[in-house]
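Visitor: what's the 3D shape of this:
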Amino acid sequence: MSGRSRIGVSVLAGAAAAALLSGCSTAATEPVPAPADVAAAFEHIHGLEVDPESGALLVATHGGIFQLTEAADGTELSGPLGGLDIDAMGFTLNNGVAYASGHPGPGTPDTFGSPHLGLIRSPDLGRSWVNVSLTGTTDFHDLTISLGHHKRIYGLDSSSGTVRKTDDGQTWTDGAALAARDILAPDENPDLLYATTEEGLSVSTDGGESFILDRLAPLLYLIASGGDDWLVGIDVDGTLWYQPLEGGPWSQGGVTDGVPQAMTVDAANGRVIIADDRGIVATDDYGDTWEVLRPAE
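Guide: Below is the predicted model of the structure:
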């Protein structure tokens, strides 16, 4: 352990307020052990989210959403949750309510739409799913929920190349055209949105209508919120960076192994969790030291 202080983060507060809308849904099921072909699903990890209530880590993959639970004797993997083998390109979680987008898998019911899922919702950490909107027509490659405005959802529409937003899950507003890898709505201002682009970190203060390039920021590839006070990012060379949310200089941390696929913050335990060439790994000192939670398949 280095002298760098432990990551200061707080448990995300509030409640997701989107109402459960009518549509096709899967029945709620308890997590089951992961199938033997989990290695194929984990070749592409699109998203990571930690549920503050249970401490479970949800992993959005090419073959569905899985749950990774830590125990004294290691980790236990179950899924795909809800029996849904979707290619979960976009995934986000807030207060136990999950949203996903992407493409149906070989075993996905036809009623979830094809070739794109649109927006689907789970009120129970992935055990059951319901269609919300844009069924069959839209593939969001990233999703984020504003922490201070739990109805505000942003999505990166892979077809139109635009940032889109909704406050009710049904009516979507198109924003700026943006070639982004990752988006983040980090605080109580629902109109504040960060996006990682080839040119650098871009910031919107008008709900995604326009973006300004932050030329003082590192060339970030992934970005996450460190709770109320911090932003955490990984640049194109795999280096971790962190910055107070109110601004100021970015501080440099350690490095990842290979190209990172996804990142999240485990607020309750003060950790950043990423998926890279080692598997799923965690750090509580911004990358000076690492713990392998689940090795690569």
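
Visitor: what's around the residue nearest to F42 when sequence neighbours are not counted, how many residues?
Guide: Distances taken as C-beta to C-beta, 6 or more residues apart in numbering put E297 closest to F42, at 5.2 Å, once the chain neighbours are dropped. Every C-beta, even on glycine, is put in place using the N, C-alpha and C of the backbone. By other C-beta atoms under 10 Å, 11 other residues sit near E297.

Visitor: quick one: contacts for E297?
Guide: V38, A39, F42, E43, G279 (C-beta atoms under 8 Å, 6 or more residues apart in numbering).

Visitor: quick one: it and D37, what's the gap?
Guide: Separation of E297 from D37 (C-beta to C-beta, to the nearest Å): 10 Å.

Visitor: ditto for W290
Guide: From W290 across to D37, the span is 27 Å (C-beta to C-beta).

Visitor: those two: which has the busier surroundings?
Guide: The neighbour comparison of W290 against D37 (other C-beta under 10 Å) goes to W290, with 19 against 11.

Visitor: residues touching that one, list them.
Guide: Going by C-beta under 8 Å, 6+ apart, W290 touches G254, R278, V281, A282, T283.

Visitor: let's have these in CSV, adding distance to T75 and pLDDT.
Guide: Formatted as CSV, the contacts of W290 follow (distance: C-beta to C-beta, whole Å; pLDDT from 0 to 100):
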residue, distance to T75, pLDDT
G254, 22, 98
R278, 14, 97
V281, 12, 98
A282, 11, 97
T283, 16, 97
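
Visitor: any chance of JSON lines for these, columns neighbour count, distance to D182 and secondary structure?
Guide: Putting these into JSON lines (neighbours: other C-beta atoms under 10 Å; distance: C-beta to C-beta, whole Å; DSSP: H, G, I helix; E, B strand; the rest coil) gives the following:
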{"residue": "G254", "neighbour count": "16", "distance to D182": "20", "secondary structure": "strand"}
{"residue": "R278", "neighbour count": "16", "distance to D182": "20", "secondary structure": "coil"}
{"residue": "V281", "neighbour count": "23", "distance to D182": "18", "secondary structure": "strand"}
{"residue": "A282", "neighbour count": "19", "distance to D182": "19", "secondary structure": "strand"}
{"residue": "T283", "neighbour count": "20", "distance to D182": "18", "secondary structure": "strand"}
